[in-house]
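K.L.:
Here is the input, now give the coordinates:
(one chain, ligands or ions: 2)
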Amino acid sequence: MKIIVQKFGGSSLVDKEKREHAIDRILQRYKEGYSIVVVVSAMGRRGDNYSTDSLLDLINEDSKDLRSKDLLMSCGEVISAVVLTNMLNESKLPATAFTGGQAGIITDACYSKAEVLYINTNRIVKCLQKGRIAVVTGFQGMTKDREITTLGRGGSDTSAVLLGEALGSELVEIYTDVDGVLTADPKIVSDARVIRTICYNELYQLAEDGAKVIHPKAVEIARNKNMRILIRNTVKDDVGTLVTNSLNSDYYSDDKKIISALTHKSNKVQITIFTEQSKDMVNKLMKEIAQEGISIDLINFFIEKIIFTVCLDDLEKLKKILKNKDYKYNIVSNLSKLSIIGHRMCGEPGVMQRIAKALYGEKIDILQTSDSHTTIWCLIDTKYVNKAINALHKEFELNIDD
Ligand code: ADP
Ligand code: MG
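P.N.:
Ligands and ions are numbered 1, 2, ... in the order given. Just a heads-up that it's a prediction; the model follows:
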């Protein structure tokens, strides 16, 4: 049995016309002789009737009843699965809908961010063996005690990759509303280009640093298992982006560029603490920050100060720590972290110079930087994000296919 997993995101299921395109995608693989597992997200986004956010709007958002919240959120995918299954059956494609629990996806009991412990594939395999398409709700599973859990936002990507792995699928296809992984978010850069092949490490970084197109956890799982992923547009016949290991034979590097893609994360806050060389004080402060569960980023130590960033969500907790301390500090809000990603930049001179040239050319201050083998991060004022990404895209000629 050659198996393929096809995941359809919320934007691909939002109306009948889109769902018909999804059916075409499934039919195409069905005709190729694949046994098919379809993974679905909830239909659409906030404002669309059955999207996850619209369901959550039905109850008090501060509700502490996390079990009920998960139960409610799981309904969006159930509706998608039933509607798509109905359409498949009407198109003479025999299909059965399964909840995550019915599909054997067993998780821990951490509501809203459950981890998948294992998948018992018996029921899905039986369904496929009967020549039927299995339509599985993404984003959710079930505990051993039969409680329904959800996996966190973007969790359907994770469901698809985990099912692909458990079933020994040849490929996991992620269908979405863009042509694949692009050099930047097309909502920001109008001439962003589709990257034909990307390696797991680059895509992981891109996803982790803000590109929504796939969840980082799904990329991480696929990387560990060498599971091939194809990211494609549901409504457009385009080859999309193949995600694989650069050592695989099907990895064709169509791109010699030093920089592959750009992304960003907003809601960053920069804190400068004037430490006046007190190492004890710094140690104590760092310990308190860690104990409060605050994750710090982009940290630089100087003799007379330390500078770091935190997410806006953690600012109140941090302020409590800093209160009543006898040292000075400064807080700058409304910042964003740009990520300039490319696995060929390592050891390549002049990359930072070009980044500075592009940003300074737009009169954008760089407030802090950091780098790794695959990424350079620059902290800037959020109001300049679109300008900065467009300037960098142009500087590194990411729109040009070479
Ligand atoms: P889905 O509903 O299919 O899960 P998402 O909204 O989660 O779709 O992800 C697709 C969106 O990701 C696109 O509409 C696009 O705006 C955004 N995006 C951000 N960065 C990128 C990128 N580098 N490449 C492709 N899409 C991106
Ligand atoms: Mg998504």
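K.L.:
show me what contacts residue 59?
P.N.:
Residues in contact with residue 59 (CB atoms under 8 Å, 6 or more residues apart in numbering) are 68-69, 72. C-betas here are computed from N, CA, C, even on glycine.
K.L.:
Just name the closest of those to residue 336, please.
P.N.:
Taking CB to CB as the measure, residue 336 lies nearest residue 69 of the contacts of residue 59, at 29.7 Å.
K.L.:
thinking again about what came up before, same list (the contacts of residue 59) but as a markdown table, adding secondary structure and neighbour count.
P.N.:
A markdown table is the format used below for the contacts of residue 59 (DSSP: H, G, I helix; E, B strand; the rest coil; neighbours: other CB atoms under 10 Å):
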| residue | secondary structure | neighbour count |
| --- | --- | --- |
| 68 | helix | 13 |
| 69 | helix | 19 |
| 72 | helix | 18 |
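K.L.:
Could you check what's spatially nearest to the most centrally placed residue in the chain, not counting adjacent residues?
P.N.:
In the chain, the C-alpha nearest the mean C-alpha coordinate belongs to residue 215, at 2.4 Å (CA atoms, centre = their mean). Residue nearest to residue 215 in three dimensions, not counting chain neighbours: residue 154, with 3.3 Å by CB to CB, 6 or more residues apart in numbering.
K.L.:
what about residue 15, neighbour count?
P.N.:
Burial measure for residue 15: 11 neighbouring residues, criterion other CB atoms under 10 Å.
K.L.:
oh sorry, the question was meant for residue 27
P.N.:
Neighbours of residue 27 under the rule other CB under 10 Å: 16.
K.L.:
Equivalent analysis for residue 328, please.
P.N.:
Burial measure for residue 328: 12 neighbouring residues, criterion other CB under 10 Å.
K.L.:
May I have the residues that are in contact with it?
P.N.:
With contact taken as CB under 8 Å, 6+ apart, residue 328 is in contact with 273-274.
K.L.:
From residue 215, how far off is it?
P.N.:
In this structure, residue 328 and residue 215 are separated by 40 Å, where distance is defined by CB to CB, to the nearest Å.
K.L.:
Could you find the closest non-adjacent residue to residue 102?
P.N.:
Leaving out its chain neighbours, the residue that sits closest to residue 102 by CB to CB, 6+ apart is residue 123, at 6.5 Å.
K.L.:
quick one on the thing from earlier: got the contacts of residue 59 as JSON lines, with distance to residue 204 columns?
P.N.:
Compiled in JSON lines, the contacts of residue 59 are given as follows (distance: CB to CB, whole Å):
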{"residue": "68", "distance to residue 204": "33"}
{"residue": "69", "distance to residue 204": "29"}
{"residue": "72", "distance to residue 204": "31"}
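K.L.:
Return the residues of this protein in contact with ligand 1.
P.N.:
By CB under 6 Å from any ligand atom, the residues of the chain that approach ligand 1 are 9-12, 41, 176-178, 181-182, 184-187, 206, 211-213, 261, 263.
K.L.:
Are any of the residues you listed buried, and if so which?
P.N.:
Buried members of the residues of the chain next to ligand 1, scored by 16 or more other CB atoms under 10 Å, are 9-12, 41, 176-178, 181-182, 184-185, 206, 211, 213, 261, 263.
K.L.:
hmm, back to that, can you flag which of the residues of the chain next to ligand 1 belong to strands?
P.N.:
Under the assignment DSSP state E, the residues of the chain next to ligand 1 contribute 176, 261, 263 to strands.
K.L.:
Please list all residues in contact with residue 90.
P.N.:
Residue 90 makes contact with no residue, according to CB under 8 Å, 6+ apart.
K.L.:
What are the boundaries of the helices in the stretch 301-402 of the chain?
P.N.:
Under the criterion DSSP state H, counting those that start in this stretch, helices of the stretch 301-402 of the chain are mapped to 315-322, 351-361, 385-395.
K.L.:
One more: the chain?
P.N.:
Listed in chain order, the helices found in the chain under DSSP state H are 16-31, 52-56, 66-90, 122-129, 155-167, 200-208, 216-225, 279-291, 315-322, 351-361, 385-395.
K.L.:
Show me the contact partners of the second one.
P.N.:
Outside helix 52-56, the residues within contact range by CB under 8 Å, 6+ apart are 10, 42, 44-48, 69, 72-73, 75-76, 139, 153.
K.L.:
with the residues you listed in mind, which one is nearest to residue 222?
P.N.:
residue 139 (17.1 Å).
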